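Enquirer: Turn this into a model:
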Amino acid sequence: MELENMPQFFENKTILVTGATGFLAKAFVEKILRVQPNVKRLYLLIRASDLASATQRLHNEVIGKDLFRVVREKWGANFDSFISEKVIAVPGDVSFENLGVEDSQRRQDMWKEIDIILNSAATTTFDERL
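Expert: Numbers count the residues shown, from 1 in each chain. Predicted coordinates for the structure are as follows:
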């Protein structure tokens, strides 16, 4: 695939991003939203116990960062509606069965819709057994 075609590849695709609050995932999400606003949807798996906590982490640790300044400026007053249309916070944890997604309806909808998975989840416990 040619590099010039990369934005077209993501058009109308649904992407699951694990490790969504990490450095690589944030850079990926920002780039997709900036160069391919016609991405269908981004499900961001965020380690959290419930939807409210995941949504708060999404806004505080991802969307609220200066990294998204260009996207924010591009969309202006429509930024929040653009984000709510394209980005969905999903509480979960990759170390659990079904990624720790407890909402069975959300899980079914995701599994049917996802075209691409970007796994950037990691542990930050550096003394774990291998």
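
Enquirer: residues in contact with the residue nearest the centre of the chain?
Expert: Taking CA atoms, centre = their mean as the criterion, Leu44 is the residue nearest the geometric centre of the chain, at 2.9 Å. By CB atoms under 8 Å, 6 or more residues apart in numbering, the residues touching Leu44 are Val17, Ala20, Ala25, Val29, Leu58, Val62, Val87, Ile88, Ala89, Val90. Every C-beta, even on glycine, is put in place using the N, C-alpha and C of the backbone.

Enquirer: check contacts around the fifth one.
Expert: Leu58 makes contacts with Ala20, Leu44, Ile46, Val87, Ala89, as judged by CB under 8 Å, 6+ apart.

Enquirer: I'd like to know how far the second one sits from Arg57.
Expert: From Leu44 across to Arg57, the span is 9 Å (CB to CB, to the nearest Å).

Enquirer: Now Thr18: closest residue in space, sequence neighbours ignored.
Expert: Distances taken as CB to CB, 6 or more residues apart in numbering put Ala121 closest to Thr18, at 4.0 Å, once the chain neighbours are dropped.

Enquirer: so how far is the worst-scoring helix or strand of the chain on mean pLDDT from its chain's centroid?
Expert: Least confident helix or strand, the chain: helix 6-9 with a mean of 86, by mean pLDDT, DSSP states H and E. Offset of helix 6-9 from its chain centre (CA atoms, centre = their mean, to the nearest Å): 17 Å.

Enquirer: list the buried ones in that helix?
Expert: For helix 6-9, the neighbour count (16 or more other CB atoms under 10 Å) marks Pro7 as buried.

Enquirer: list the helices and strands that helix packs on?
Expert: Under the contact definition 3 or more CB pairs under 8 Å, 6 or more residues apart in numbering; DSSP states H and E, helix 6-9 sits against no other helix or strand.
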